[in-house]
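**Student:** Output the structure for:
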Amino acid sequence: MASPPGEQYLLLVELVHKHIDFHDAELRAVLEMHEIKLGIDCNFIALPNDANVSAGSIDCVSQSKRPFRILSFPWSSIGSRFSVCDEEEEEQENCTRTETINLVTSLARCTLIRSVLELWGYGNQLDNCVGSIQSSNCLERHKAGKHLSAKSDGAKGYGSRSWKITIHTLGTTYSRDEQQDMRSKFSFLHLPGPVQMEHPDDEYLFIREVELDTAGGAVYPRHSEKKELIPENDKRPPLACYFGRILGNKRLGRNWRGGNRLEQYSLKKRLYLGPTSMDSELSLIMSNLAKVKIGSFAFDPFVGTGSILLTTALRGAYAFGTDIDLRVLRGRSEDENIRSNFKQYGLPSPELVRSDNAIYHRHFREHLPFFDAIVTDPPYGIRAGAKKSGSRRDEIREVLDEHRHDHIAQTKPYAVSDVMADLLNVAAMTLRMGGRLVYVIPSMLDFNEQEDLPRHECLRIVSVCYQPLQTELGRRTVTMEKIKDYDRNKRDQYLQGAWVNGAASAEKVANIRERLLEAAKKKPGYEEKAAARKLKRKATKEAKKKAKREANNK
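**Tutor:** Next up is the predicted model:
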C-alpha cells in the first residue's frame, strides 16, 4: 500500500506526573543520545488545548505541565531509519543499530516515561478522537504491517493478532458500563483477531485527559469524598482524548516503569547509605541528562556513598569517583561500602580516589580532557558542609611515617561559592568536547536563574530543571555542555568570572542552612516546635543509652 506524500507517524509519550520540570529536558537528551534529531528526524506537535507551544517547535519544547507529548516522524522513515517492533534488543555501544534505530528501545531509556502509544487519533472530545481515526490511514497501515515485524523472525499477521482495549481516565472514576460505552465508540475498527485480556499481541489504549494538580489528582474531581457525583465537574469537557496502540507491549507492558524496573534500585535496598545519598530516580534522570551510555567515562568529584556514580555504571559507563573524606570512601565495613553496592547489582567495581576537587590540578594531569560526563551532587552545607584540604590551626604538625597509612588529613571549611566555581572549572578542564556536566544546586525563592547560576566561558547551559523541596527551598539540576577548549593560562580569570554579579550571586547559594533557620524562626509557633523537637531528641538519646546498658548487663 502506497502512503500519501508527507504522511506522518505519531507517537504519544505518556509521562509520570512527577519531576514535571524534568520531562522535556530528559526526553530531549535521550533523543539526542540515540541520534534522533529534533527538527530533522522528528518534531513536537501541540497537544489539544495547549496554548503554550506551537506545532513543530524545536527551539522551545512544550512548556506545558501536562504529562503528555506528541512526537511526529515521517511515515517513510518507519522501517528504513526507525523501527518500532517489539523484539528484545540490547543497547548498542553507540546507542544505535547498524540498520535502524528502535524507537521503543530508545525511549525506554527515559526514567519518566510511563508508556508510548502509536497514536491513531486525538481530539478535544471522544467524538473528535473517533473522527480523526476514521479520517486517517492508521488502520490501513496496521493491516499492511510493515512496522510490526522485526527482520529476524517476523510477527503475527493482522488477522491473527489478539487484542484488547483499555480505558484510562486520569484522576477520575468511571463505572464498567461507562467504560464499555467508550469502548463501543471504536467498534468501527472491526479488529479481526481474538480478544485476549492477558498479554495480548496488541493493547489499545483510550486516554481521557483532565486537568491535574501537583499531586496528580484531578483539579475538578468527578466524585466527592463520599463517592457522590459532582454534576458541575462531571459536565466539564476533557483537555484531550487520545487513542492508540501501546508500543513495547510484549517486553515492557502497559507501564514501562513497572515490573520492578525502577524499584530494584531504590535506596531502601542499598547496602551502604549516607544522609546525603541521592534519590535513585533523580540519579537515573541525571545520568540521562548527561547522556551517559555504554562505554562512557563518568566522573563524580563528590562521590560520597556513590549513589550517583552507581547509576552511571548501570547505564554502562566506566565509573570514577573522588572524595576528600577517606572514611566515606572506605565505608563502614567490608560489607557496607561503595563497592558492596556495585557488587549488589553485579557491576564492576568503580575507581575511587581520595582527592580534593579544590586542587584537582595538583592531583591529576589537567591538559588531557577524557571524561564524557561529570554527574554530581556537590556539598552545599544543608546536611553536610563542604571541606577542602588545609588546617584551621596556625601551626601544622608533621605526620609521622608510622601514622601515614591510616592518617585522616585535616580539612577546613570550603565556601559553597568556591565549590561551584571549582566544579565548573574542573569540568571545563577535563570534559571532552561535547561532554556534559550535570549538577545540583540549592536555591531559595529569591534565586534568579539568569543571574545567579555560576557560568564558565567553556561551557553552555543546556537545561535547568527545578524541584521544590519546601516552601522556601528548592534545588535546580543544571546541565552544561563543553563547547570550547580550556586555556590553562586563563584559570584565574575563569574562577573570578564564575558568578555574574560576583559576591551577590554567590551569596544566593551560600549559607542556605542559616537562611532556612531564619525563615523558619519567622513562622508562628517556631519556639514551641523547636522545644518539642529538642525534648524528643533528648528522649531518643536516653532510650538508646538505656538499651545499651541493658544489653551490656545481659
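**Student:** switch to C-alpha atoms for all contacts and neighbour counts from now on
**Tutor:** Noted.
**Student:** so what's the most centrally placed residue in the chain up against?
**Tutor:** With distances taken as Cα atoms, centre = their mean, residue 285 lies nearest the centre of the chain, 2.2 Å away. The neighbours of residue 285, taking Cα atoms under 8 Å, 6 or more residues apart in numbering as the test, are 26, 110, 111, 112.
**Student:** count of neighbours near the second one?
**Tutor:** The number of residues packed near residue 110 is 23, by other Cα atoms under 10 Å.
**Student:** now the strands for the stretch 251-400 of the chain?
**Tutor:** Along the stretch 251-400 of the chain, counting by DSSP state E, counting those that start in this stretch, strands occupy 297-300, 318-323, 351-354, 371-376, 387-389.
**Student:** Of those, which is nearest residue 442?
**Tutor:** Judged by Cα to Cα, the one of those that comes nearest to residue 442 is strand 371-376, at 13.1 Å.
**Student:** What strands line up against that closest one, and which way round?
**Tutor:** strand 297-300 (parallel), strand 431-444 (parallel) (DSSP bridges).
**Student:** hang on, the earlier thing: please tell me how far the residue nearest to the centre of the chain sits from residue 313.
**Tutor:** Using Cα to Cα, to the nearest Å, one gets 13 Å for the distance from residue 285 to residue 313.
**Student:** The strands of the stretch 251-400 of the chain: lowest mean pLDDT?
**Tutor:** For those, mean pLDDT drops lowest on strand 387-389, to a mean of 78.
**Student:** Same question for it: list its buried residues.
**Tutor:** By 16 or more other Cα atoms under 10 Å, the buried positions in strand 387-389 come out as 387, 388, 389.
**Student:** now the last one, nearest residue through space, not along the chain?
**Tutor:** Going back to what we said before, that points to residue 389. Excluding its sequence neighbours, the residue lying closest to residue 389 (Cα to Cα, 6 or more residues apart in numbering) is residue 411, at 4.6 Å.
**Student:** Show me where the stretch 451-554 of the chain has its helices.
**Tutor:** With DSSP state H, counting those that start in this stretch, the ranges of helices along the stretch 451-554 of the chain come out as 491-496, 503-507, 512-521, 526-553.
**Student:** could I get those helices as CSV with mean pLDDT, mean neighbour count and distance to residue 344?
**Tutor:** Compiled in CSV, the helices of the stretch 451-554 of the chain are given as follows (pLDDT from 0 to 100; neighbours: other Cα atoms under 10 Å; distance: least, Cα to Cα, whole Å):
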stretch, mean pLDDT, mean neighbour count, distance to residue 344
helix 491-496, 92, 15, 40
helix 503-507, 73, 16, 40
helix 512-521, 70, 14, 34
helix 526-553, 86, 11, 31
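**Student:** Quick one: closest of those helices to residue 125.
**Tutor:** Ranking the helices of the stretch 451-554 of the chain by proximity to residue 125 (Cα to Cα) places helix 512-521 first, at 46.8 Å.
**Student:** how close does residue 489 sit to residue 418?
**Tutor:** Distance, residue 489 to residue 418, by Cα to Cα: 19 Å.
**Student:** More neighbours: those two, which one.
**Tutor:** Between residue 489 and residue 418, counted using other Cα under 10 Å, the more crowded position is residue 418 (16 against 8).
**Student:** Tell me how far that one lies from residue 497.
**Tutor:** 12 Å.
**Student:** ok, now residue 521?
**Tutor:** The gap separating residue 521 from residue 497 is 35 Å, by Cα to Cα.
**Student:** same check, this time on residue 437
**Tutor:** Where residue 497 is concerned, residue 437 sits at a distance of 18 Å (Cα to Cα).
**Student:** The two - which one has more neighbours?
**Tutor:** For residue 437 versus residue 497, the count of surrounding residues by other Cα under 10 Å is larger for residue 437: 34 against 15.
**Student:** so what's that one bridging to?
**Tutor:** In this entry, residue 437 is beta-bridged to residue 374, residue 480, by DSSP bridges.
**Student:** do residue 352 as well
**Tutor:** Beta bridges link residue 352 to residue 321, judged by DSSP bridges.
**Student:** show me the residues around it that make contact.
**Tutor:** 320, 321, 322, 329.
**Student:** closest to residue 256 among those?
**Tutor:** residue 320 (29.8 Å).
**Student:** okay, now that closest one: neighbour count?
**Tutor:** For residue 320, using other Cα under 10 Å, the count is 22.
**Student:** Kindly report the same for the one 5 residues further on.
**Tutor:** Each residue near residue 325 was counted by other Cα under 10 Å, and the total is 21.
**Student:** Tell me which helix or strand in this protein has the weakest average pLDDT.
**Tutor:** When the helices and strands of the chain are scored by mean pLDDT, DSSP states H and E, helix 512-521 comes last with a mean of 70.
**Student:** Kindly list the main-chain dihedrals of the nearest residue to residue 519 once chain neighbours are set aside?
**Tutor:** Distances taken as Cα to Cα, 6+ apart place residue 472 nearest to residue 519, at 7.9 Å, with adjacent residues excluded. Backbone torsions of residue 472, given as degrees, to the nearest 10, read phi -100, psi -20.
**Student:** ditto for residue 419
**Tutor:** phi -60, psi -50.
**Student:** I'd say it and residue 378 touch.
**Tutor:** Yes - the pair residue 419 / residue 378 is scored as a contact, 7.4 Å apart, by Cα atoms under 8 Å.
**Student:** got the contact list for residue 254?
**Tutor:** Residues in contact with residue 254, defined by Cα under 8 Å, 6+ apart, are 114, 115, 246.
**Student:** can you check residue 306 too?
**Tutor:** Contacts of residue 306 (Cα under 8 Å, 6+ apart): 277, 321, 338.
**Student:** give me the number of residues near the second one?
**Tutor:** When you say that, I think you mean residue 321. 25.
**Student:** same check, this time on the first one
**Tutor:** For residue 277, the neighbour count with other Cα under 10 Å is 17.
**Student:** And the pLDDT at it?
**Tutor:** Confidence at residue 277, expressed as pLDDT, is 86.
**Student:** I figured it hits residue 304, correct?
**Tutor:** Yes - using Cα under 8 Å, residue 277 makes contact with residue 304 at a distance of 7.5 Å.
**Student:** Let me see the contact set for residue 526.
**Tutor:** residue 520.
**Student:** Just the closest of the contacts of residue 285 to residue 373, please.
**Tutor:** residue 26 (15.2 Å).
**Student:** quick one: the closest one is in a helix?
**Tutor:** Yes - the assignment for residue 26 (DSSP: H, G, I helix; E, B strand; the rest coil) places it in a helix.
**Student:** start at 24 instead
**Tutor:** New numbering, starting at 24: the last item is residue 49.
**Student:** gap between it and residue 310?
**Tutor:** To residue 310, residue 49 is 9 Å away according to Cα to Cα.
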